[in-house]
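Undergrad: Here's my sequence, what's the structure:
(4 chains)
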There are 2 protein chains.
Amino acid sequence: MHATLQEHIIKRLGKVPERFEEVAKAFEPLRPKRGTYLLQEGDVCKYVYFIVEGCLQVFVIDKNGNESTREFYTEEQWVTDIFGFKNQQASEEYIKCVEPCKLLRIHYDAFQHFSAEVPAFAQIYQQILELSYSSTVYRVNTLTSLDALDRIKWLMENKPTLMSRLSNKLIASYLGISPETMTRLKGKL
Amino acid sequence: MHATLQEHIIKRLGKVPERFEEVAKAFEPLRPKRGTYLLQEGDVCKYVYFIVEGCLQVFVIDKNGNESTREFYTEEQWVTDIFGFKNQQASEEYIKCVEPCKLLRIHYDAFQHFSAEVPAFAQIYQQILELSYSSTVYRVNTLTSLDALDRIKWLMENKPTLMSRLSNKLIASYLGISPETMTRLKGKL
DNA sequence: TCAAATCATTGACATTTATCAAGAGTCGTT
DNA sequence: AACGACTCTTGATAAATGTCAATGATTTGA
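TA: Next up is the predicted model:
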């Protein structure tokens, strides 16, 4: 699994990073099965996860008990609850495997250590931050400026693999609509 | 105006930063009046803005011509279209002064230069990134998991100054509801 | 300070979306 | 391969929110 990580890093950095072996050792492999929670509301998020294979759902639960998905993450993406992780505070989010996964995780302590000590690591972290922030900004804009049907179209055009990979119900929770509305609107396409 | 910037940086960094004078020179003061656009859809965003005084609205315009506000920024906050700025690509957002403002702006070239050359600058940038990302994540979760009334309550509890400082119409565009609904729901509190 | 423009509020009505329920279908696990 | 659990779809209905229009209030910039 570490080979995938190395390839990913080379892609990002354009070179084999300094001290890669050392950093790689801090990444612990993990093969959670479908349905496993990596984080629950109230937990302190102690890890950043790198997805070698599989799909993670990050969501909150509203007052009616419904899941609202903030984001789905798949192969070669980085996942954490950034606020809870950075401040080592109780999280408001859940992170759950919606497929059997192959993951690598790095602990908060190691993360802090390498951020400070290995410039290439800090550099990649910053790239990930910028990308994650950009895509979350984009997400806010689609949520507020598009109606339900246009959000579905948007997802089909921009993340077609998610659309086919995940259940109707999960997609609906990502788009902020009920599964029934999702079914009905898909009929209008 | 540079004094405000220095104070802000000292607060963030916990010390007077190295090479502050040099960096400060790259920040150009600006006093746009209410209604001024700092960025329009299709423009390439060439600056990061620091707000000394005033309030900026970042928004998109939907297919019906309505504004959807992604965020409001006020004193001592940093504003840009992160994606367009980082990639120097056409933006999809507008940035507009909703009050007369006192701003400092730094150009893309200087920003890149100091990011690479002045560690303290890079460090502050990363802090801003983390904070901005965290708050945008939070925003996604409130938008998808709360209904209109709870979003109003949330804003009143968490950003009361925005609530009193901005018009009903602007607040409504931030909460993703129509001004009429906003008026009606406020009556239910 | 005043005139023009914008904004807030309210009512009537339309539209969108949610909810609940039930049956058929699908999927995962053993 | 079969069981059980979950999911999808559809219909009927309810609830939430949007739209349009009119009036009065407020704000702003000259």
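
Undergrad: Quick check: residues of chain A near DNA strand D?
TA: A:S167, A:N168, A:K169, A:P179, A:E180, A:M182, A:T183, A:R184, A:K186, A:G187 (C-beta under 7 Å from any atom of the strand). (Glycine included, C-beta is placed from N, CA and C.)

Undergrad: Closest to DNA strand C out of those residues?
TA: Nearest to DNA strand C among these is A:E180, at 3.7 Å by C-beta to the nearest atom of the strand.

Undergrad: Please identify the helix or strand for that closest one.
TA: Per DSSP states H and E: A:E180 is located in helix A:179-186.

Undergrad: buried residues in that helix?
TA: A:M182, A:L185 (16 or more other C-beta atoms under 10 Å in any protein chain shown).

Undergrad: Not counting it itself, show me its contacts.
TA: Helix A:179-186 is touched from outside by A:A148, A:L149, A:I152, A:N168, A:K169, A:I171, A:A172, A:L175, A:I177, with contacts defined as C-beta atoms under 8 Å, 6 or more residues apart in numbering or on different chains.

Undergrad: returning to what we had before: just name the lowest-scoring one in the residues of chain A next to DNA strand D, pLDDT-wise.
TA: Checking pLDDT across the residues of chain A next to DNA strand D, the minimum falls on A:G187 at 90.

Undergrad: The contacts of helix A:179-186 in strands, which ones?
TA: The strands, defined by DSSP state E, take in nothing from the contacts of helix A:179-186.

Undergrad: mind giving me JSON lines with the residues you listed and columns for neighbour count?
TA: As requested, those are exported to JSON lines (neighbours: other C-beta atoms under 10 Å in any protein chain shown):
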{"residue": "A:A148", "neighbour count": "16"}
{"residue": "A:L149", "neighbour count": "16"}
{"residue": "A:I152", "neighbour count": "22"}
{"residue": "A:N168", "neighbour count": "13"}
{"residue": "A:K169", "neighbour count": "13"}
{"residue": "A:I171", "neighbour count": "24"}
{"residue": "A:A172", "neighbour count": "23"}
{"residue": "A:L175", "neighbour count": "22"}
{"residue": "A:I177", "neighbour count": "19"}
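
Undergrad: what about A:F59, neighbour count?
TA: 23 (other C-beta atoms under 10 Å in any protein chain shown).

Undergrad: And for A:E71?
TA: Count around A:E71 with other C-beta under 10 Å applied: 19.

Undergrad: Is it in a helix, a strand, or coil?
TA: Assigned by DSSP: H, G, I helix; E, B strand; the rest coil, the conformation of A:E71 is strand.

Undergrad: Near DNA strand C, list only the ones from the residues of chain A next to DNA strand D.
TA: Filtering the residues of chain A next to DNA strand D for neighbours of DNA strand C using C-beta under 7 Å from any atom of the strand leaves A:E180.

Undergrad: got a list of what A:L143 touches?
TA: By C-beta under 8 Å, 6+ apart, the residues touching A:L143 are A:R151, A:G176, B:V140, B:L143, B:T144, B:G176.

Undergrad: try A:K169
TA: A:P179, A:M182.

Undergrad: State the distance from it to B:M182.
TA: Going from A:K169 to B:M182 by C-beta to C-beta, to the nearest Å gives 31 Å.

Undergrad: ok, now A:K46?
TA: From A:K46 to B:M182 the distance is 41 Å (C-beta to C-beta).

Undergrad: Check A:R139 too.
TA: For A:R139, the distance to B:M182 - C-beta to C-beta - is 23 Å.

Undergrad: Next: A:Q127.
TA: From A:Q127 to B:M182 the distance is 39 Å (C-beta to C-beta).

Undergrad: ok, of the contacts of A:L143, which one's closest to A:P17?
TA: B:V140 (31.3 Å; C-beta to C-beta).

Undergrad: tell me the angle of the one helix or strand that closest one maps to relative to helix A:119-145?
TA: Element membership for B:V140 (DSSP H and E) is helix B:119-145. Relative orientation of helix B:119-145 versus helix A:119-145 (axes from the mean of the first three to the mean of the last three C-alpha atoms, to 10 degrees): 30 degrees.

Undergrad: And the contacts of stretch A:61-70?
TA: A:41, A:57-60, A:93-94, A:139, A:170, A:173-174, A:176, B:137, B:140-141, B:144-146, B:150.

Undergrad: buried ones in that stretch?
TA: A:E67, A:S68, A:T69, A:R70.

Undergrad: and what of stretch A:75-89?
TA: Using 16+ other C-beta under 10 Å as the test for burial, stretch A:75-89 gives A:Q77, A:W78, A:V79, A:T80, A:D81, A:I82, A:F83, A:G84, A:F85, A:K86.

Undergrad: Out of the residues you listed, which are close to DNA strand C?
TA: Okay, of those, nothing touches DNA strand C (C-beta under 7 Å from any atom of the strand).

Undergrad: Filter the residues you listed down to the ones in helices?
TA: Among the buried residues of stretch A:75-89, DSSP state H puts A:I82, A:F83, A:G84, A:F85, A:K86 in helices.

Undergrad: and stretch A:86-95, is it in reach of chain B?
TA: Yes - with C-beta under 8 Å from any C-beta of the partner chain as the measure, stretch A:86-95 is seen reaching chain B through A:K86, A:E92, A:E93.
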